[in-house]
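Trainee: coords please:
(one chain, ligands or ions: 1)
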Amino acid sequence: MLRIGVFGAGHLGKFHLSNLKEIEDIEIVGFYDPDPENTKSVAEKYGIKSFDTAEQLMDAIEAADIVAPTIKHFELCDMALRKGKHVFVEKPLANTMDEARTLVKLAKESNLVFQVGHVERFNPAFVALKDHTLQPMFIEVHRLAEFNPRGTDVSVILDLMIHDIDIILHMVKSNVNYISANGVAVMSDTPDIANVRIEFDNGCVANLTSSRISLKKMRKMRLFQKDAYIGIDFLEKKTEIIQIDQPVDKDAFSFDIETNNGKKTIAISNPKVKDSNAIKSELEAFKNAIKNNIEPPVSILDGFSAMEVAHLILEKINDKQH
Ligand SMILES: NC(=O)c1ccc[n+]([C@@H]2O[C@H](COP(=O)([O-])OP(=O)(O)OC[C@H]3O[C@@H](n4cnc5c(N)ncnc54)[C@H](O)[C@@H]3O)[C@@H](O)[C@H]2O)c1
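Mentor: Got it, this is the predicted structure:
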């Protein structure tokens, strides 16, 4: 049994509590949330013990699940690592690069598992592509959300775009060469909408748009690579692959077209997306990493790299505004 404590029982923390309850070999020791009204209702609804301080809960557990606002990630992760506890922390890893660097140093010195909640890695639409080679040279991303004051403690880059930054860095294993970015603060004090172009050393270019002031939701990534187009709809959990002159999958719809370079076979397929719960999957992966003493699927260095790119983007946006 892994003895786990949840820090922050807000919007996402409640999902964590209900998912953790369903995972075998996990014992939820309790949760801590500084909001007394919320604490009372969560303790009643989930039948889980609440603790009066983060420190008391930390002392009673083996692993911390940190789902507090981003500006609190550092103090809670720091406390957990110093007390020798494994850490799962929601994205982004921390608020500032200095905080992130300190956490990486502390985690390296320890023998503890540290996973960051980049949950889109576990999105069933992305998982459905695991047997396909993803080597995009051009990436187009739209992540649009309706306005919600939750999350506006940080910019849309750290709130939403960081999901796509993590997925892109995971696929494009090359250094960032150049970034151009523009962002506008419309409803909050930090950018609520942004457009970013990231150029990598290997020639890949990613064009990302993120907004938290849209009327309609959208979470789409389109990958263009040699001989294939791959569409991933993270919201609708759908995938689409269009390939040229490749061995055609038996379920694909295919047809030939004449080009200046002769006949080409176009095949369109939709890899099957298995119904799964991404939050439960990431928390199960955390438990398994602790149990088997292995690197978690989204490591602290992955969380750090995503933050590094996010902060480079924020610097570019700030440069434009001054
Ligand atoms: N992976 C995702 O897709 C995703 C989605 C939403 C939020 N998040 C992340 O999850 C975190 C929480 O977001 P949310 O939407 O649940 O926010 P929220 O505001 O709904 O909940 C945060 C909760 O944390 C509590 N809290 C405040 N200070 C605390 C502290 N020091 N210790 C423990 N609890 C504390 C608050 O009282 C509140 O109940 C943020 O870092 C956010 O970026 C990730």
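
Trainee: Give me the distance between whichever residue of the chain sits closest to the ligand and Arg150.
Mentor: Nearest to the ligand, among the residues of the chain, is Gly10, at 1.7 Å (C-beta to the nearest ligand atom). For glycine as for every other residue, the C-beta is placed from the backbone atoms N, C-alpha and C. For Gly10, the distance to Arg150 (C-beta to C-beta, to the nearest Å) stands at 7 Å.

Trainee: do the same with Val176
Mentor: Val176 is 29 Å from Arg150, by C-beta to C-beta.

Trainee: Neighbour count: the two, which is higher?
Mentor: Val176 (19 against 11; other C-beta atoms under 10 Å).

Trainee: partner residues bridging that one?
Mentor: According to DSSP bridges, the residues that bridge with Val176 are Phe200.

Trainee: Let me see the contact set for it.
Mentor: Ile198, Glu199, Phe200, Asp201, Val309, Leu312 (C-beta atoms under 8 Å, 6 or more residues apart in numbering).

Trainee: and the residues you listed, which two are the farthest apart?
Mentor: Pairwise distances across the contacts of Val176 peak at 14.5 Å for Asp201 and Leu312 (criterion: C-beta to C-beta).

Trainee: Between the two, which has more neighbouring residues?
Mentor: Between Asp201 and Leu312, counting by other C-beta under 10 Å, Leu312 is the more crowded of the two (19 against 11).

Trainee: For the closest residue to Lys83 other than its chain neighbours, which residues are in contact?
Mentor: Using C-beta to C-beta, 6 or more residues apart in numbering and skipping the chain neighbours, the partner closest in space to Lys83 is Met58 (5.3 Å). Contacts of Met58 were listed using C-beta under 8 Å, 6+ apart, and they are Gly5, Ala64, Met79, Ala80, Lys83, Lys85.

Trainee: quick one: buried residues of the helix or strand hosting Met58?
Mentor: Assigning secondary structure by DSSP states H and E places Met58 in helix 54-59. Neighbour counts over helix 54-59 (16 or more other C-beta atoms under 10 Å) mark Ala54, Leu57, Met58 as buried.

Trainee: Please apply the same query to stretch 277-297.
Mentor: 278-287, 289-290, 296-297.

Trainee: Repeat that for stretch 84-91.
Mentor: Buried, per 16+ other C-beta under 10 Å, within stretch 84-91: Lys85, His86, Val87, Phe88, Val89, Glu90, Lys91.

Trainee: quick revisit: anything in the helix holding Met58 near the ligand?
Mentor: Yes: judged by C-beta under 6 Å from any ligand atom, helix 54-59 and the ligand are in contact via Ala54.

Trainee: what's the distance between that helix and the middle of its chain?
Mentor: Relative to the chain's own centre, helix 54-59 is displaced by 26 Å; criterion: C-alpha atoms, centre = their mean, to the nearest Å.

Trainee: The helix or strand that that helix is followed by pairs with which strands, parallel or anti?
Mentor: Next along the chain after helix 54-59, taking DSSP H and E as the criterion, comes strand 63-66. Partners of strand 63-66 in the sheet, by DSSP bridges, are strand 2-7 (parallel), strand 86-90 (parallel).

Trainee: Turn those strands into CSV, including distance to Pro36 and mean pLDDT.
Mentor: Putting the strands paired with strand 63-66 into CSV (distance: least, C-beta to C-beta, whole Å; pLDDT from 0 to 100) gives the following:
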stretch, distance to Pro36, mean pLDDT
strand 2-7, 16, 98
strand 86-90, 22, 98
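
Trainee: among these, which is nearest Asp166?
Mentor: Nearest of the strands paired with strand 63-66 (C-beta to C-beta): strand 86-90, 12.5 Å.

Trainee: That closest one close to the ligand?
Mentor: Yes: using C-beta under 6 Å from any ligand atom, we find that strand 86-90 touches the ligand at Glu90.

Trainee: For that strand, list the C-alpha coordinates in PDB.
Mentor: Provided in PDB are the C-alpha atoms of strand 86-90 (Å, rounded to 0.1, in the frame of the first residue of the first chain):
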ATOM      1  CA  HIS A  86       7.900  11.000  -3.400                       C
ATOM      2  CA  VAL A  87       6.200  13.800  -5.300                       C
ATOM      3  CA  PHE A  88       3.500  14.100  -8.000                       C
ATOM      4  CA  VAL A  89       3.000  17.800  -8.700                       C
ATOM      5  CA  GLU A  90       0.500  19.300 -11.100                       C
END
